[in-house]
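> What follows is a predicted structure for the sequence shown.
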Amino acid sequence: QVQLVESGGGLVQAGGSLRLSCAASGTIFSINAMGWYRQAPGKQRELVATISSGGRTNYADSVKGRFTISRDNAKKTVYLQMNSLKPEDTAVYYCNADLQVVLYAPVTDYWGQGTQVTVSS
């Protein structure tokens, strides 16, 4: 059974920094793209950043230049370094991974349980 476990959320003042981590565990053959999404109260879940297995990154315009996504393939872990945080970054942040549990299995989407990030003004 695959699990994605996030950590690193919390309360921070505007202008501060946080680093989120998400570790994948369980029966995993390979991990393709990994990413972070967020959902603020009353809003739809939105993409924050993604990273391919080869390290190619993609960011939402709202976080470009402030957030950095990275991954450690050996540890099956993806990170999100968030700098210059703003109150509008307040949301539940979810980790996502597209992975195969065994060879020839379909690539399937998995989600973490979410971690709260609150930025005070």
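Great, that's in hand. Numbers count the residues shown, from 1 in each chain.
> Can you show me the strands along this structure?
With DSSP state E as the definition, the chain shows strands at residue ranges 3-7, 10-13, 18-25, 30-39, 46-51, 57-59, 67-72, 77-82, 91-100, 108-111, 115-120.
> need the contact list for the most centrally placed residue in the chain.
The residue lying closest to the centre of the chain (CA atoms, centre = their mean) is residue 36, at 2.6 Å. Under the criterion of CB atoms under 8 Å, 6 or more residues apart in numbering, the contact partners of residue 36 comprise 20, 22, 48-50, 69, 78, 80, 93-96. For glycine as for every other residue, the C-beta is placed from the backbone atoms N, C-alpha and C.
> what's the spacing between the residue of the chain positioned farthest from its centre and residue 79?
Distance to the chain centre peaks in the chain at residue 104, reaching 25.8 Å (criterion: CA atoms, centre = their mean). Between residue 104 and residue 79 the distance, using CB to CB, to the nearest Å, works out to 30 Å.
> Mind listing what's buried along stretch 44-57?
For stretch 44-57, the neighbour count (16 or more other CB atoms under 10 Å) marks 48-51 as buried.
> so can I have TSV of those residues showing pLDDT?
Written out in TSV, the entries for the buried residues of stretch 44-57 read as follows (pLDDT from 0 to 100):
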residue	pLDDT
48	98
49	98
50	98
51	98
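> Out of those residues, which comes closest to residue 29?
Minimum distance to residue 29 across the buried residues of stretch 44-57 is 18.8 Å, recorded for residue 51 (CB to CB).
> Just list whatever residues bridge to that closest one.
Counting by DSSP bridges, residue 51 is bridged to residue 34, residue 57.
> Next: residue 100.
Beta-bridge partners for residue 100, by DSSP bridges, are residue 30.
> List the contacts of it.
Under the criterion of CB under 8 Å, 6+ apart, the neighbours of residue 100 are 28-30, 32, 106-108.
> Please check those and keep the buried ones.
Among those, those scoring as buried are residue 28 (criterion: 16+ other CB under 10 Å).
> Which pair of the contacts of residue 100 spans the longest distance?
For those, the farthest-apart pair by CB to CB is 28 and 106; their separation is 13.7 Å.
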